[in-house]
Structure formats: C-alpha cells, structure tokens
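*Asks:* pasting the sequence and the predicted coordinates here, then a few questions.
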Amino acid sequence: IVIVNNTSAYTGLLGLVSSKLMNKKLLVEYNDLQALYTVELLKGRLNESLLKPLGRLLVSIEDVIVKNGWKVTAITGFIKRYAEERGTRRDITVIPDGVDTDFFNPSGFDRREIRSKYGIRDEEILCVYAGRIDICAGGELLVETVDLLDHRNIRFMLVGEGDPSLLKECCRRPNVILTGLVAREDVPRYLVAADIILVPFPDNLASHSISPLKLFEALAMEKIVIASDVSGIREVVTE
C-alpha cells in the first residue's frame with residue numbers, strides 16, 4: 001500500500017504515480033484542500049491571469065489523486081462533502097483530528113512561569129495565538145483583533161513565526177508580545193499561561209476545510225477558545 005497524507009501536486013501526485021508503477025493500492029488521507037490553500041497563498045504575489053489557470057490545474061490534480069484512492073479518509077465532514085461534490089465515487093471515511101492529552105495536560109505545567117517571564121500581571125487577560133502567522137492562517141484577523149481590543153488590561157502573545165509584514169504590524173502594537181519560534185515541547189507552557197486562546201481563519205473555501213491542531217491543543221489545555229466560524233471548526237466547537 002502507498003499512503004499519501006498530502007494531496008498536493010508534488011507529494012500527492014508522486015504517491016499516485018508510485019502506486020501505479022508498483023501496482024500497489026493507494027490510501028489517501030485528505031486532510032485539507034491543499035490546491036485552494038496554495039491559490040490563497042499566491043494571491044497578490046502572482047498575476048491573476050496566471051493564478052486562475054494554475055488554480056484550476058492544481059484542483060484537477062487533487063481531484064485525480066482522490067478519485068484514484070483505493071481508500072480515502074477525510075479529516076472533516078466538509079472535505080468529504082467537497083470530494084463527493086467534485087465527483088469522487090469512493091467511500092470516504094471521516095477520521096477527525098486529535099491531540100495527545102498526556103502531553104497537552106494543564107496539570108503538568110505552571111501557569112505563572114510564562115506570565116512571569118514576560119511580565120504579565122495576574123489581573124491582565126492574556127490572549128494567546130500559537131502557530132504560523134500569515135494571511136491564510138488568519139494573520140490579518142489577528143491584527144484586527146489586537147486593534148479592536150486595545151485595552152490596558154488585555155495583552156496578546158503570538159507564539160510562532162510567519163509573514164514579515166504581518167509581524168512588523170504586530171510589533172507596532174504595545175499590547176502584543178512576539179515570542180518567535182519555540183520548541184514543540186514548550187508549547188503547552190505558553191498555552192497554560194493563557195486566559196483565552198485565539199484560533200482565527202479567513203472566510204474562504206480552503207479555511208472551511210481545515211481542522212486545526214491548535215484548536216484541539218487549546219481544548220485539551222482547558223482554555224476558553226475564540227475561533228472563526230468555519231465549517232471544520234464548527235464540527236468541533238458548537239457555541
């Protein structure tokens with residue numbers, strides 16, 4: 001069996017070709033709309049006359065990969081419905097995302113450690129975002145949220161790296177702390193320090209397909225979550 005866990009025109013297509021050459025069954029894990037995500041990422045960077053045909057090509061390749069799967073799993077019900085609407089006749093099994101609750105366990109970390117390190121007072125409300133900071137991951141929404149909640153008792157901590165222009169915008173806000181990239185094993189230390197964890201995504205088709213790990217990590221750490229109302233998140237968060 002050849003297992004493909006990314007339906008991109010690179011790894012996904014390579015997996016499909018390999019399965020044909022070796023006469024092996026192809027197991028496809030459909031975990032996001034990689035083609036549409038790529039198009040969103042290239043908006044503003046590539047001329048529209050090139051972007052549209054490129055987008056159609058990438059989506060077509062993704063369709064071919066999924067339609068040739070011996071078995072197909074989807075990470076959300078939204079992706080399953082999308083694949084069926086695109087003409088996939090395979091029986092698609094939805095296997096939701098998850099998280100290691102032994103690793104992301106609030107009882108194993110001290111809330112005061114990170115707050116003390118960055119000078120955050122007990123009475124201050126700390127909103128934490130942990131992940132890549134770019135447009136496709138809701139970076140512009142983060143900046144808007146920071147501006148909207150410009151209050152002396154509200155602080156924002158952005159954990160991770162990302163788009164230099166967005167990071168520059170965030171640096172201009174006095175209520176924002178940028179930690180930069182942190183080690184994977186340290187992520188729970190930052191999450192446990194939060195009062196609220198932010199999970200923003202823009203409202204587009206690619207975003208509606210996602211099931212972000214950061215959401216499950218936040219829930220495992222027993223934190224209040226403010227998330228965008230997109231389909232994949234709505235399958236998990238009901239309020």
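*Replies:* Structure received. Residues are numbered from 1 along each chain as shown.
*Asks:* for the residue of the chain positioned farthest from its centre, helix, strand, or coil?
*Replies:* The outermost residue of the chain, judged against the average C-alpha position, is residue 23 (33.9 Å), by C-alpha atoms, centre = their mean. The local conformation at residue 23, judged by DSSP: H, G, I helix; E, B strand; the rest coil, is coil.
*Asks:* that one and residue 114, how far apart?
*Replies:* As judged by C-beta to C-beta, to the nearest Å, residue 23 and residue 114 stand 53 Å apart. Every C-beta, even on glycine, is put in place using the N, C-alpha and C of the backbone.
*Asks:* now find how far off-centre stretch 78-94 is within its chain.
*Replies:* For stretch 78-94, the separation from the chain centroid amounts to 21 Å (computed by C-alpha atoms, centre = their mean, to the nearest Å).
*Asks:* how about stretch 55-66?
*Replies:* With C-alpha atoms, centre = their mean, you get 21 Å for stretch 55-66.
*Asks:* residues of that stretch that come out buried?
*Replies:* Going by neighbour count (16 or more other C-beta atoms under 10 Å), the buried part of stretch 55-66 is 55, 58-59, 61-63, 65-66.
*Asks:* what residue is smack in the middle of this protein?
*Replies:* Central residue of the chain (C-alpha atoms, centre = their mean): residue 212, at 4.1 Å.
*Asks:* any idea how far it lies from residue 13?
*Replies:* Taking C-beta to C-beta, one finds residue 212 at 25 Å from residue 13.
*Asks:* residue 196 too?
*Replies:* For residue 196 relative to residue 13 (C-beta to C-beta), the value is 41 Å.
*Asks:* same check on residue 141?
*Replies:* Applying C-beta to C-beta to residue 141 and residue 13 gives a distance of 32 Å.
*Asks:* repeat for residue 208
*Replies:* Residue 208 is 24 Å from residue 13, by C-beta to C-beta.
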